[in-house]
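**Q** Sequence and predicted structure are below.
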Amino acid sequence: GIQVEQSPPDLILQEGANSTLRCNFSDSVNNLQWFHQNPWGQLINLFYIPSGTKQNGRLSATTVATERYSLLYISSSQTTDSGVYFCAVVSAAGNKLTFGGGTRVLVKP
Amino acid sequence: DVKVTQSSRYLVKRTGEKVFLECVQDMDHENMFWYRQDPGLGLRLIYFSYDVKMKEKGDIPEGYSVSREKKERFSLILESASTNQTSMYLCASRRRGLTDTQYFGPGTRLTVL
């Protein structure tokens, strides 16, 4: 099946800093989503982005489908950005979301 | 906004008990999913359903069954709970298309003693 790798596994930021999270995938995809898991465990949708670029406030994402990677940018980070960020894909040959291992982000005040 | 709800946020059960976890979505989605999440193992798909009374095994179906009698409701059943089923259980739903956004419920943290 498709492999999804996220980097870095852990990230510690000072409040106000910018950061980039990366998601590499091993095959063509029909669907790519970024999620934020908050401290209570809920997965919050950030972006549906199988290709192209999107922005939502301080967050933006870019997927280069031909090169099989996606990037999530966090600008001017806040303590509420802390949590685990997951990338998940549906391969062109599949029918279900496959998750990466996540990036754990801690934003310090 | 899509809303996916789960019957309990926290649940404590004893070994051997039958456990029902319920999930309800309010957006008329065809597809519904059950995952479990464990430290170091990530999110793993247990079962999914693409229509009423339809179900398919995911990656780790052993020890679980599911029921989908109504479109909006998808139940996960642990016939005889065991300690290795202590986990965070997450339900999700999505429209029929593979290119649609998948939405998750708040999760149920199950402890089996």
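**A** Everything's here; your move.

**Q** so who does A:Ser51 touch?
**A** A:63-65 (C-beta atoms under 8 Å, 6 or more residues apart in numbering or on different chains). For the C-beta atoms, the positions are set from N, CA and C on the backbone; glycine is no exception.

**Q** top of those residues by neighbour count?
**A** Greatest neighbour count in the contacts of A:Ser51, by other C-beta atoms under 10 Å in any protein chain shown, goes to A:Thr63: 25 neighbours.

**Q** quick one: which helix or strand includes that one?
**A** Secondary structure here is read from DSSP states H and E; on that basis A:Thr63 sits in strand A:59-64.

**Q** How about A:Trp40?
**A** Using DSSP H and E, no helix or strand contains A:Trp40.

**Q** my read: it touches B:Pro106, true?
**A** Yes. Under the criterion of C-beta atoms under 8 Å, A:Trp40 makes contact with B:Pro106 at 7.2 Å.

**Q** Compare neighbour counts for those two and give me the winner.
**A** Using other C-beta under 10 Å, the more surrounded residue of A:Trp40 and B:Pro106 is B:Pro106, with 16 against 10.

**Q** now the more buried one, nearest residue through space, not along the chain?
**A** Once flanking residues are discounted, B:Pro106 sits nearest to A:Gln42: 4.7 Å by C-beta to C-beta, 6 or more residues apart in numbering or on different chains.

**Q** Per-residue pLDDT of the one you found, please?
**A** pLDDT recorded at A:Gln42 is 88.

**Q** That one: neighbouring residues, count only.
**A** A:Gln42 is flanked by 18 other residues according to other C-beta under 10 Å.

**Q** what does the one 3 residues further on give?
**A** Look at A:Asn45: counted by other C-beta under 10 Å, it has 14 neighbours.

**Q** That one contacts B:Arg94, correct?
**A** No. Under the criterion of C-beta under 8 Å, A:Asn45 is not in contact with B:Arg94, lying 11.0 Å apart.

**Q** near chain A, which residues of chain B?
**A** Proximity of chain B to chain A, by C-beta under 8 Å from any C-beta of the partner chain, involves residues B:33, B:37, B:42-43, B:45, B:48, B:58, B:88, B:90, B:92, B:98-107, B:109.

**Q** among those, which are in strands?
**A** B:33, B:37, B:42-43, B:45, B:48, B:88, B:90, B:92, B:102-104, B:109 (DSSP state E).

**Q** tell me which of the residues you listed is nearest to B:Gln6?
**A** Of all these, B:Gln6 sits closest to B:Leu90, with 8.1 Å by C-beta to C-beta.

**Q** of the ones in strands among the residues of chain B next to chain A, closest to B:Val4?
**A** Proximity of these to B:Val4 was ranked by C-beta to C-beta; the top entry is B:Tyr103 with 5.4 Å.

**Q** who's the closest one bridged to?
**A** When bridges are called by DSSP bridges, B:Tyr103 pairs up with B:Ser93.

**Q** Could you check how many residues crowd around B:Asp28?
**A** When neighbours are counted by other C-beta under 10 Å, B:Asp28 registers 10.

**Q** ok, now B:Tyr47?
**A** So B:Tyr47, with other C-beta under 10 Å, has 23 neighbours.

**Q** so who does it touch?
**A** Applying C-beta under 8 Å, 6+ apart, one finds that B:Tyr47 lies in contact with B:33-34, B:55-58, B:61, B:64-66, B:76.

**Q** go with 10 Å
**A** Contacts for B:Tyr47 (C-beta atoms under 10 Å, 6 or more residues apart in numbering or on different chains) come out as B:32-35, B:55-61, B:64-68, B:74, B:76-77.
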